[in-house]
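Peer 1: After the sequence you'll find the predicted model.
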Amino acid sequence: MKILTAEFIESTIEPDRFRGERLPEVAIVGRSNVGKSSLINSLLNRKGLAKVSRTPGKTRTVNFFRVVTTDPRLKTFYLVDLPGYGYAEVDKATHARWRPMIERYLGARPALRGIVMLVDARGATDHDAMMSAWLRDLGGPTVIIVTKADKVSRGERRGKLEEIRRTLGLPDAAPLIPYSSASREGETELWQALKSLITHTDHGFS
Ligand code: GTP
Ligand code: MG
């Protein structure tokens with residue numbers, strides 16, 4: 001499969017007003033600084049497409065990226081970069097805007113096929129546990145990506161994955177996909193996950 005184009009289309013605080021040609025879309029959620037924007041850039045092989053920063057709270061709006069592929073099942077879809085949660089350093093006003101903005105997004109997306117939640121390989125936080133519980137309540141398909149996998153040694157990995165499952169309240173066999181924007185580990189598995197989210201029809205978000 002080839003990516004023909006990957007373009008930034010829109011950045012908005014009113015995501016419910018963005019129509020997106022009713023193309024299927026998948027949203028990326030996760031703690032501030034977990035690597036959402038980096039994952040978009042590495043997966044699409046486009047440096048600088050989504051803005052990345054060492055400082056948490058870089059993405060503060062909902063950002064829509066349109067991806068055109070040669071895959072006959074995937075075809076054209078949107079990846080949506082959502083602002084991160086859970087950083088004390090992000091000021092209160094920003095935090096107060098976060099939940100309504102995410103709710104506005106999730107409440108008005110007939111084409112939303114699934115959510116990709118990112119968790120840092122070094123460990124999940126209480127905020128991640130809350131997000132995970134919220135996603136379970138929403139009831140739509142969710143895939144969990146354990147990112148920055150390059151930061152954890154092979155030997156530590158199994159234990160870390162178990163710990164993450166425990167923190168998030170997931171069953172023992174719940175699939176977690178290790179990924180690294182730095183080493184590209186997990187790229188194939190993530191594309192597989194996106195394909196299955198996008199091609200199934202019973203999405204159950206709205
Ligand atoms: P917000 O926009 O603030 O919510 O953050 P984000 O989740 O979009 O994170 P971003 O992609 O901006 O990355 C945050 C920092 O983590 C940057 O310094 C990245 O270079 C780094 N980073 C992201 N992914 C990886 C990874 O897989 N491995 C390593 N080692 N660093 C990463
Ligand atoms: Mg970001």
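Peer 2: Received it, and whenever you're ready, just let me know what you need. Ligands and ions are numbered 1, 2, ... in the order given.

Peer 1: how about the residues of the chain near ligand 2?
Peer 2: Applying Cβ under 5 Å from the ion, we find that the chain lies next to ligand 2 at 36-37, 58-59. For glycine as for every other residue, the C-beta is placed from the backbone atoms N, C-alpha and C.

Peer 1: now residue 109: how far from residue 64?
Peer 2: Applying Cβ to Cβ, to the nearest Å, the value for residue 109 to residue 64 is 11 Å.

Peer 1: shared neighbours, those two?
Peer 2: Common neighbours of residue 109 and residue 64 are listed as residue 25 (criterion: Cβ atoms under 8 Å, 6 or more residues apart in numbering).

Peer 1: Among the residues of the chain next to ligand 2, which are located in helices?
Peer 2: 36-37 (DSSP state H).

Peer 1: Next, format the residues of the chain next to ligand 2 as CSV and append distance to ligand 1, neighbour count and pLDDT.
Peer 2: Shown next, in CSV, are these (distance: Cβ to the nearest ligand atom, whole Å; neighbours: other Cβ atoms under 10 Å; pLDDT from 0 to 100):
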residue, distance to ligand 1, neighbour count, pLDDT
36, 4, 31, 96
37, 3, 22, 95
58, 4, 17, 79
59, 3, 22, 81
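
Peer 1: Quick check: bridge partners of the spatially closest residue to residue 63 that is not a sequence neighbour?
Peer 2: Leaving out its chain neighbours, the residue that sits closest to residue 63 by Cβ to Cβ, 6 or more residues apart in numbering is residue 81, at 4.2 Å. Beta bridges link residue 81 to residue 28, residue 63 when assigned by DSSP bridges.

Peer 1: Which pLDDT value goes with residue 81?
Peer 2: For residue 81, the pLDDT comes out at 95.

Peer 1: Next: residue 86.
Peer 2: Reported pLDDT for residue 86: 82.

Peer 1: Quick check: it touching residue 29?
Peer 2: No - using Cβ atoms under 8 Å, residue 86 is not in contact with residue 29; the gap is 10.9 Å.

Peer 1: Quickly list what's touching both of those two.
Peer 2: residue 131.

Peer 1: and the closest residue to ligand 1 within the chain, how many neighbours?
Peer 2: Nearest residue of the chain to ligand 1, counting by Cβ to the nearest ligand atom: residue 84, 2.5 Å away. By the criterion of other Cβ atoms under 10 Å, residue 84 has 25 neighbours.
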